[in-house]
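A.B. asks: how would this look folded up:
(2 chains)
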Amino acid sequence: MLQVNFIRANKERVLAGLKKRNAKEDLFQAIESILELDEARKSLKTEMDMVNADRNRLSAEIGGLMKQGKKDEAEQFRSQVAGLKDRSAEIEDQLKATEDQLTQQLYTIPNIPHESVPEGITPEDNEIFRPGPEPLPDLGEGSLPHWELAAKYKVFDLELGVKLTGAGFPVYRGKGAKLERALINFFLDEASAAGYEEIIPPLMVNEDSARGTGQLPDKEAQMYHVTLDNLYLIPTAEVPVTNIYRDEILDVAALPIKMTAYTPCFRREAGSYGAHVRGLNRVHQFDKIEIVQIVRPDKSYETLMEMLEHVAGLLNKLGLPFRILRLCGGDMGFTSALTFDFEVWSAAQKRWLEVSSVSNFETYQSNRMKMRFREGKDMHLVHTLNGSALALARIVASIMENNQSPEGIVIPEVLRKYTGFNLID
RNA sequence: GGAGGAAUGGCAGAGCGGUUGAUUGCAGCAGUCUUGAAAACUGCCGUACUGAGAGGUACCGGGGGUUCGAAUCCCUCUUCCUCCGCCA
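C.D. replies: As a prediction, this is how the structure comes out:
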């Protein structure tokens, strides 16, 4: 979330940011409300501190008198302290209520978009940061979408997933399963080579972690919730991996911190429907390799480009036709300041499929997580970034569609040492 | 799941009702000495809120309670350790 002091000092910027995000009117009002609540908070706090200071002073005097054996004099002070105590408790209740309201309001304010974020409301308004190849590959007549290829070559089975679990839980089989595993290993090896520490995190997180990265309270309905133990299935490795450094004060020399993790990701995808969810286009469980960086604020945009190039490198090595979009204000995630989406061209479906999202959250997550670094005497919030490198299900779909041939699905060169075969037939 | 024990600053480890935000050691930072380094010595060394500042307030796993006063006593939750049971 944003810091109140930042909002106060940069009110115009915050309001302009909300406008760019096409925010509703009530968010603009929330900004006013936040500033007022913070003023109220401050004066209540000052009042309580003064009452407590009096109480502490009197208590110390009572202690001194008791030591000297002057019990009668001590008695006089007791009733005074009792009164102060009641007063303090009263103010504390008000203070707590004010702070709760303030926090609730702050949770409703999204991150402020970076200046380079284009104006716009819908995905059509996203800026093409790096265009796809010209002309786009054309597989000609008879090319099949991946779900038909899956049936033909038995790569994955969605109906079996329905039997075992429900819609949107694919079962990969045989060479399909091996291709999946090959991609995981390839992506992890590439991340390691780029200096990312490999992490195997828990697949369930507690409430604090979900709040830290911003899934709570904003996106609660998107997560599977294990109510009996109050745990959430992770929608992305970003959640457990970024939270590793929650509530930590890092030494500046420790930065940047680069971590990667492969995990299955679980998403309820409530509200999705239609042809766009066919096959592997949108599923409830998919594998993803995530890269996360924790960096100095002055380096974060440089880092964002570095991560962008890492992901672009992966797609180039796989030989998939892709483009990069800079998301517009209206299409950007709640917690992000700047997001680049990677889309792979599906010639068979004649549409672009999102396979990666690389974002800079600036201090939005680190403020929630109290993730800071010390440099000399000064302490600052770090910037956090993450990106998919890459999301598997759609990559598998893309490889199947783009690499289909009369003989079968051709495995990209770089994956062959991982799969042990060149063709799915 | 059952029975005990524990939780204090970056780490180790005192304190167990009254100037204790907290002794001490290590680590860290600054300095003296030195050609340099080591050693020795001196000083500094938690976080948050608040205040122009001096300062004030809060925090000794979380929450609640007793008391004029709690790191210290009580209740509760959580986590960790030991033993038993179960188990990939």
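A.B. asks: stretch A:86-101 vs RNA strand B: in contact?
C.D. replies: No - Stretch A:86-101 does not reach RNA strand B (CB under 7 Å from any atom of the strand); its nearest approach is 8.0 Å. Bear in mind the C-beta positions are built from the backbone N, C-alpha and C, glycine included.
A.B. asks: around residue A:376, how many other residues sit close by?
C.D. replies: Around residue A:376 sit 6 other residues, with neighbours defined as other CB atoms under 10 Å.
A.B. asks: which residue does the stretch 51-200 of chain A have closest to RNA strand B?
C.D. replies: RNA strand B sits closest to residue A:63 of the stretch 51-200 of chain A, with a gap of 2.9 Å, by CB to the nearest atom of the strand.
A.B. asks: may I have the phi/psi pair for that residue?
C.D. replies: phi -60, psi -50 (degrees, to the nearest 10).
A.B. asks: against residue A:86, how distant is it?
C.D. replies: The spacing between residue A:63 and residue A:86, counted by CB to CB, to the nearest Å, is 21 Å.
A.B. asks: same thing with residue A:128?
C.D. replies: For residue A:128, the distance to residue A:86 - CB to CB - is 65 Å.
A.B. asks: just residue A:38 next, same as before
C.D. replies: 26 Å.
A.B. asks: looking at the two, which one has more neighbours?
C.D. replies: residue A:38 (18 against 11).
A.B. asks: get me the contact residues on the stretch 51-200 of chain A for RNA strand B.
C.D. replies: Those residues of the stretch 51-200 of chain A that sit near RNA strand B, judged by CB under 7 Å from any atom of the strand, are A:52-53, A:55-60, A:62-63, A:66-67, A:77-78, A:81-82, A:85.
A.B. asks: in the stretch 51-200 of chain A, which spans are strands?
C.D. replies: With strands called from DSSP state E, counting those that start in this stretch, the stretch 51-200 of chain A shows them at A:127-130, A:156-157, A:171-172, A:197-199.
A.B. asks: point out the most buried one among those strands.
C.D. replies: Most buried of those by mean neighbour count (mean count of other CB atoms under 10 Å) is strand A:156-157; its value is a mean of 22.
A.B. asks: just grab the bridge partners of the closest residue to RNA strand B within the stretch 151-300 of chain A for me.
C.D. replies: Proximity of the stretch 151-300 of chain A to RNA strand B (CB to the nearest atom of the strand) peaks at residue A:249, 6.1 Å away. On the basis of DSSP bridges, residue A:249 is bridged to residue A:372.
A.B. asks: model confidence score at it, please.
C.D. replies: With respect to pLDDT, residue A:249 scores 86.
A.B. asks: what of residue A:49?
C.D. replies: 90.
A.B. asks: secondary structure class for it?
C.D. replies: The three-state assignment at residue A:49 reads helix, by DSSP: H, G, I helix; E, B strand; the rest coil.
A.B. asks: RNA strand B versus that one, what's the distance?
C.D. replies: 4 Å (CB to the nearest atom of the strand, to the nearest Å).
A.B. asks: what is the neighbour count of that residue?
C.D. replies: Around residue A:49 sit 12 other residues, with neighbours defined as other CB under 10 Å.
A.B. asks: what pLDDT does the residue lying closest to residue A:283 once chain neighbours are set aside get?
C.D. replies: Nearest non-adjacent residue to residue A:283, counting by CB to CB, 6 or more residues apart in numbering: residue A:168, 4.4 Å away. pLDDT, residue A:168: 90.
A.B. asks: hang on, residue A:168 packs against residue A:280?
C.D. replies: No - contact status for residue A:168 versus residue A:280: not in contact, 9.6 Å apart, counting by CB atoms under 8 Å.
A.B. asks: pull out the buried positions in stretch A:39-59.
C.D. replies: Across stretch A:39-59, burial judged by 16 or more other CB atoms under 10 Å covers A:40-41, A:44, A:48, A:51-52, A:55, A:58.
A.B. asks: and residue A:116, how many residues sit next to it?
C.D. replies: 11.
A.B. asks: show me what contacts it?
C.D. replies: Contact analysis of residue A:116 by CB atoms under 8 Å, 6 or more residues apart in numbering lists A:326, A:338.
A.B. asks: next, give phi and psi for it.
C.D. replies: Backbone phi and psi, for residue A:116 under degrees, to the nearest 10, turn out to be phi -80, psi -10.
A.B. asks: if I look at it, how far off is residue A:302?
C.D. replies: For residue A:116, the distance to residue A:302 (CB to CB) stands at 14 Å.
A.B. asks: now the helices: where do they sit in chain A?
C.D. replies: Here chain A has its helices, by DSSP state H, at A:4-9, A:11-20, A:25-68, A:71-107, A:146-153, A:158-164, A:175-193, A:207-212, A:238-242, A:300-318, A:364-369, A:392-402, A:416-419.
A.B. asks: and the buried residues of stretch A:39-59 as CSV, adding distance to residue A:367?
C.D. replies: Formatted as CSV, the buried residues of stretch A:39-59 follow (distance: CB to CB, whole Å):
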residue, distance to residue A:367
A:40, 21
A:41, 17
A:44, 22
A:48, 24
A:51, 30
A:52, 28
A:55, 33
A:58, 38
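A.B. asks: alongside RNA strand B, which residues does the stretch 301-425 of chain A contribute?
C.D. replies: Counting by CB under 7 Å from any atom of the strand, the stretch 301-425 of chain A sits next to RNA strand B at A:372, A:374, A:379.
A.B. asks: quick check, nearest of the residues you listed to residue A:416?
C.D. replies: residue A:372 (45.3 Å; CB to CB).
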